[in-house]
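Novice: A predicted structure for the sequence below; I have some questions about it.
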Amino acid sequence: MSVKPLIILPDPLLRLVSKPVERFDDQLRKFAGDMFDTMYDAPGIGLAAIQVGEPIRMLVIDLAKGDEEKQPHVFVNPQIVSSSDERGTYEEGCLSIPDYYAEVERPAKIRVEYFDLEGKPQSMDADGLMATCLQHEIDHLNGVLFIDHLSKLKRDMVIKKFRKLARERAGRKVL
């Protein structure tokens, strides 16, 4: 397994809509392992395949804290099939938008249908942090970032900041 480089805003790859996974094989399982290695290294609690440059509909989540036993979850071709009217708010961050956090309101409970790494259909009822994390990562698969849930002014400020950082990393003079 290996740690993959993260795609960082404003990279246009983050706006791609990911394609469904069609083959459930050893290559997919190895890639899932690479995704976990990358997420744990960052460190984070969720990662969509597009965040490491693969536009496929797969994500990984592990909500275990620090010294707790790992609880890895892989979701292939996930779909939210229902969500509650009740709303919940969490402070979200994103490995592709480092060191930026904001309160985001989303449905408090969801039901997700997906496939496991063997290609077997699964479903999960989620609430709390798991519901938020699933919605955040599924958004990635649809080319949506958590900053898209903020006001236009806040979103534009974040994008402007990350464009400037990208220009600085590229060695161009920033105006």
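Specialist: Alright, I've got the coordinates.
Novice: Quick check: buried residues in stretch 54-64?
Specialist: The neighbour-count criterion (16 or more other Cβ atoms under 10 Å) identifies 54, 56, 57, 58, 59, 60, 61, 62 as the buried residues of stretch 54-64. Using the backbone N, CA and C atoms, a C-beta is placed for each residue, glycine as well.
Novice: Now do the strands in this protein.
Specialist: 46-48, 58-61, 73-83, 87-94, 97-107, 109-115, 121-127 (DSSP state E).
Novice: Tell me where this protein has helices.
Specialist: 26-41, 128-141, 152-169 (DSSP state H).
Novice: From the centroid of this protein, which residue is nearest?
Specialist: Among the residues of the chain, the one closest to the centroid is residue 137, at 3.2 Å (Cα atoms, centre = their mean).
Novice: lowest average confidence, helix or strand, in the chain?
Specialist: Taking mean pLDDT, DSSP states H and E as the measure, the helices and strands of the chain show their lowest mean at helix 152-169, namely a mean of 93.
Novice: Tell me how far it lies from the chain's centre.
Specialist: 19 Å (Cα atoms, centre = their mean, to the nearest Å).
Novice: Going forward, count from 537.
Specialist: New numbering, starting at 537: the last item is helix 688-705.
Novice: which residues make contact with it from outside it?
Specialist: Applying Cβ atoms under 8 Å, 6 or more residues apart in numbering, the set of residues contacting helix 688-705 from outside is 544, 545, 546, 547, 633, 636, 638, 683, 684, 686, 709, 710.
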